[in-house]
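In: quick one: sequence plus predicted model below, questions after.
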Amino acid sequence: MTLNRRKFLGRTAAVAAASLAAPMVHAAGHGKPNVVVVGGGAGGATAARYIAKDSKGEINVTLIEPTRMYYTCFFSNLYLGGFKSIDDIGHTYGKLAAGGVNVVHDWAVGVDRDAKTVALAGGGSVPYDKLILSPGIDFVDGAVEGWDLSAQNAMPHAYKAGSQTELLKAQLMEMPEGGTFAMVAPPNPYRCPPGPYERVSMVAHFLKANNPTAKIIVADPKPKFSKMALFQEGWATHYDGMIDWIGAEFGGGNVSVDPGAMTITIDGEETKVDVCNVIPAMKAGHIAEVAGVTDGNWAPVNAADMSSKADADIYVLGDSSQQGD
């Protein structure tokens, strides 16, 4: 039997529902226990859904998520390649609300672990007995010389799907004939290890059909990457001569960019580019740091149940969590 990521998330959330319910009822001593989920991506939305469903209304479940539409980062590369529309990867929260989840569209800006409350940007706070953090990723400041979030319109990261993905696709479509697409790949660890190289493949597919003399440059700080042999075999077979991967051995980690001039400098050699996809080093979503459950860039958890090693009443799901070796 094949266990894919979606099934795994569903089962993890279902186990969480069973493991959370009884202890909270006894601890609270009155009323229904409250589970608050911060982050409405794949991990958070799945957890909220199954805790509400499997507890049969015996647990109050609140999902805090600022956006009203969630665009999956997975499958977004298929949008770039022309295999899916942006609507195909967009999901609203209506079904969650219909399933008994209290969906609050706001930013979570603070966690009081003593009072067990989550503060909202719009004012007020939400109480919890158990808290699930699934905030995805943020970027490490200064990870790529010359780039920060103020440059994301000129050189998009598109590693948080939605408007950034649409922007990168628009830039790709507007590339001049024979133009250059550059990618700055991230160092380990990061969200979806094959993701940047799936993106390179989909960009190459698009360019082969629409701009066959275009070139792709990949500056990579790593000496190797996920499924490297398979990707390079595919590139050689389908896009021979189009993709230049520059790994750590050849200065792929010695990179700076100039968003104003649209240049990338790799190991001292400057190149003018038409599109530059900068994917910086990553860390746990900011609220995990605010909650005090991070150690370095990530949030260590007990792999058996995803509970935080810093607080037994907090669980961290998805890309923010560090599950050990």
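Out: Ah, there it is.

In: show me where the stretch 1-150 of the chain has strands.
Out: Secondary structure of the stretch 1-150 of the chain, counting by DSSP state E, counting those that start in this stretch: strands at 34-38, 60-64, 70-71, 90-91, 102-104, 108-112, 117-120, 125-127, 130-133, 137-139.

In: could those go into a markdown table alongside distance to residue 181, mean neighbour count and mean pLDDT?
Out: C-betas here are computed from N, CA, C, even on glycine. As requested, the strands of the stretch 1-150 of the chain are arranged in a markdown table below (distance: least, Cβ to Cβ, whole Å; neighbours: other Cβ atoms under 10 Å; pLDDT from 0 to 100):
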| stretch | distance to residue 181 | mean neighbour count | mean pLDDT |
| --- | --- | --- | --- |
| strand 34-38 | 35 | 27 | 99 |
| strand 60-64 | 37 | 23 | 99 |
| strand 70-71 | 22 | 21 | 98 |
| strand 90-91 | 25 | 15 | 98 |
| strand 102-104 | 38 | 19 | 98 |
| strand 108-112 | 36 | 18 | 99 |
| strand 117-120 | 40 | 20 | 99 |
| strand 125-127 | 43 | 17 | 98 |
| strand 130-133 | 35 | 27 | 99 |
| strand 137-139 | 21 | 22 | 98 |
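
In: where does the nearest residue to residue 121 once chain neighbours are set aside fall, phi/psi-wise?
Out: Closest residue in space to residue 121, ignoring its immediate chain neighbours: residue 107 at 3.9 Å, by Cβ to Cβ, 6 or more residues apart in numbering. Backbone torsions of residue 107, given as degrees, to the nearest 10, read phi -90, psi 130.

In: got the contact list for residue 107?
Out: Residue 107 makes contact with 64, 66, 120-122, according to Cβ atoms under 8 Å, 6 or more residues apart in numbering.

In: thinking again about what came up before, can I get the strands of the stretch 1-150 of the chain in a markdown table with distance to residue 272?
Out: What follows is the strands of the stretch 1-150 of the chain, written out as a markdown table (distance: least, Cβ to Cβ, whole Å):
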| stretch | distance to residue 272 |
| --- | --- |
| strand 34-38 | 42 |
| strand 60-64 | 44 |
| strand 70-71 | 31 |
| strand 90-91 | 34 |
| strand 102-104 | 46 |
| strand 108-112 | 41 |
| strand 117-120 | 45 |
| strand 125-127 | 50 |
| strand 130-133 | 42 |
| strand 137-139 | 25 |
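
In: out of these, which is closest to residue 225?
Out: Relative to residue 225, the nearest member of the strands of the stretch 1-150 of the chain by Cβ to Cβ is strand 137-139, separated by 17.6 Å.

In: any weak-confidence spans in this structure?
Out: In the prediction, the chain carries residues with pLDDT under 70 at positions 1-30, 325.

In: tell me the domain ranges of it?
Out: In the domain annotation for the chain, the residue ranges read 5-138+282-322, 141-278 (automatic domain parsing).

In: now do the same end-to-end measure for the shortest one.
Out: Read it as domain 141-278. Across its full length, domain 141-278 reaches 13 Å between end residues, using Cα to Cα, to the nearest Å.

In: all the helices of the protein, in order from the start?
Out: The residue ranges that make up the helices of the chain, judged by DSSP state H, are 5-28, 42-54, 76-81, 94-98, 163-173, 195-210, 228-238, 286-290.

In: how about a markdown table for those helices, with distance to residue 129 and mean neighbour count added?
Out: Written out in a markdown table, the entries for the helices of the chain read as follows (distance: least, Cβ to Cβ, whole Å; neighbours: other Cβ atoms under 10 Å):
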| stretch | distance to residue 129 | mean neighbour count |
| --- | --- | --- |
| helix 5-28 | 4 | 16 |
| helix 42-54 | 12 | 24 |
| helix 76-81 | 35 | 23 |
| helix 94-98 | 20 | 13 |
| helix 163-173 | 35 | 18 |
| helix 195-210 | 35 | 20 |
| helix 228-238 | 45 | 13 |
| helix 286-290 | 18 | 21 |
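
In: the residue nearest to residue 121 and residue 301, how far apart?
Out: Note on residue 107: its distance to residue 301, by Cβ to Cβ, to the nearest Å, is 23 Å.

In: so can I have TSV of the helices of the chain showing distance to residue 87?
Out: Formatted as TSV, the entries for the helices of the chain read as follows, by distance: least, Cβ to Cβ, whole Å:
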stretch	distance to residue 87
helix 5-28	19
helix 42-54	18
helix 76-81	10
helix 94-98	15
helix 163-173	11
helix 195-210	18
helix 228-238	27
helix 286-290	28
